[in-house]
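need the 3D shape of this:
(chains A and B)
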Amino acid sequence: AQSVTQPDIHITVSEGASLELRCNYSYGATPYLFWYVQSPGQGLQLLLKYFSGDTLVQGIKGFEAEFKRSQSSFNLRKPSVHWSDAAEYFCAVGDAGGGNKLTFGTGTQLKVEL
Amino acid sequence: NAGVTQTPKFRVLKTGQSMTLLCAQDMNHEYMYWYRQDPGMGLRLIHYSVGEGTTAKGEVPDGYNVSRLKKQNFLLGLESAAPSQTSVYFCASSYDQEIETQYFGPGTRLLVL
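Okay, the predicted model is just below:
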């Protein structure tokens, strides 16, 4: 069965600093990978997704992620963090068994210091 | 276009009581999902549906039942609530293709005493 590991539970960065959130997956075939963001008290919103092609994927709000098959990773990056980026970030892998199901990681809580 | 809506937003139940959570979507999506979110555990899939009249079990289905009588609605039922079902419940929907974006509702916070 597929799984997703987000090794960092909490990350704190200063506003304007760069950000990298780590995600490692376990999947037997070519994975479908997603990053979602959850603002406090809200549902999840898709930031970006990867399923084939260019391994560097651009998303909304200035985020990007790079798929590295050799490392089974799909890390999320942003060159300059804004205070409004404070939220919880979830990496997910799609289940090719049908139903467009997702398996989520446990999330990384991002705090932005002004 | 409201997207995905959930009713109620918050509910307190006593152990053994029953309740139904309602999810509605106006995007004509075939697929719908119910997740629960617990601290440190991310989102876990409870049940899902790939079309009107169909339902299937997810990762943590025990203690829950679902129904999809209408395409736009997906109901999650708790027949006899337990404190372990205290959680935040999210509904989501998507088009009927793989790697499609799932659109999430705002969540229902449930407390079982």
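
what sits against the residue of chain B found nearest chain A?
Using C-beta to the nearest C-beta, the single residue of chain B nearest to chain A is B:Phe104, 3.5 Å away. (Each C-beta comes from the backbone N, C-alpha and C, glycine too.) If you count contacts by C-beta atoms under 8 Å, 6 or more residues apart in numbering or on different chains, B:Phe104 has them with A:Tyr36, A:Gly43, A:Leu44, A:Gln45, B:Val4, B:Phe90, B:Cys91, B:Ala92.

wait, isn't the second one in contact with B:Val4?
Right, A:Gly43. Yes - between A:Gly43 and B:Val4 a contact is recorded at 7.3 Å, counting by C-beta atoms under 8 Å.

what do these two both touch?
B:Ala92, B:Phe104, B:Gly105.

nearest to A:Thr106, of these?
Taking C-beta to C-beta as the measure, A:Thr106 lies nearest B:Phe104 of the shared contacts of A:Gly43 and B:Val4, at 17.1 Å.

ok, for that closest one, nearest residue in space, not its chain neighbours?
Counting by C-beta to C-beta, 6 or more residues apart in numbering or on different chains, A:Gly43 is the residue found nearest to B:Phe104 once chain neighbours are left out, at 3.5 Å.

what is the neighbour count of that neighbour?
By the measure other C-beta atoms under 10 Å in any protein chain shown, the count of residues near A:Gly43 is 21.

cool, and the one 3 residues further on?
Each residue near A:Leu46 was counted by other C-beta under 10 Å, and the total is 17.

same check, this time on B:Phe10
10.

can you pull the contacts of it?
Counted by C-beta under 8 Å, 6+ apart, B:Phe10 has contacts B:Thr108, B:Arg109, B:Leu110, B:Leu111.

just the ones of those residues in strands?
Residues of those located in strands (DSSP state E): B:Thr108, B:Arg109, B:Leu110, B:Leu111.

residue closest to the middle of the chain?
You didn't pick a chain, so chain A it is. Nearest to the mean C-alpha position of chain A, by C-alpha atoms, centre = their mean, lies A:Trp35 at 3.4 Å.

meant chain B, my bad for not saying
Mean-position check on chain B, C-alpha atoms, centre = their mean. Result B:Trp34 at 2.9 Å.

any idea which element it lies in?
Using DSSP states H and E, B:Trp34 maps to strand B:31-38.

packing partners for that strand?
With contacts taken as 3 or more C-beta pairs under 8 Å, 6 or more residues apart in numbering or on different chains; DSSP states H and E, strand B:31-38 sits against strand B:19-25, strand B:42-49, strand B:73-78, strand B:87-94.

what's in contact with that strand?
Under C-beta under 8 Å, 6+ apart, the answer for strand B:31-38 is A:99-101, B:21, B:23, B:25, B:43-51, B:58, B:60, B:64, B:66, B:68, B:74, B:76, B:85, B:87-96, B:100, B:102, B:107.
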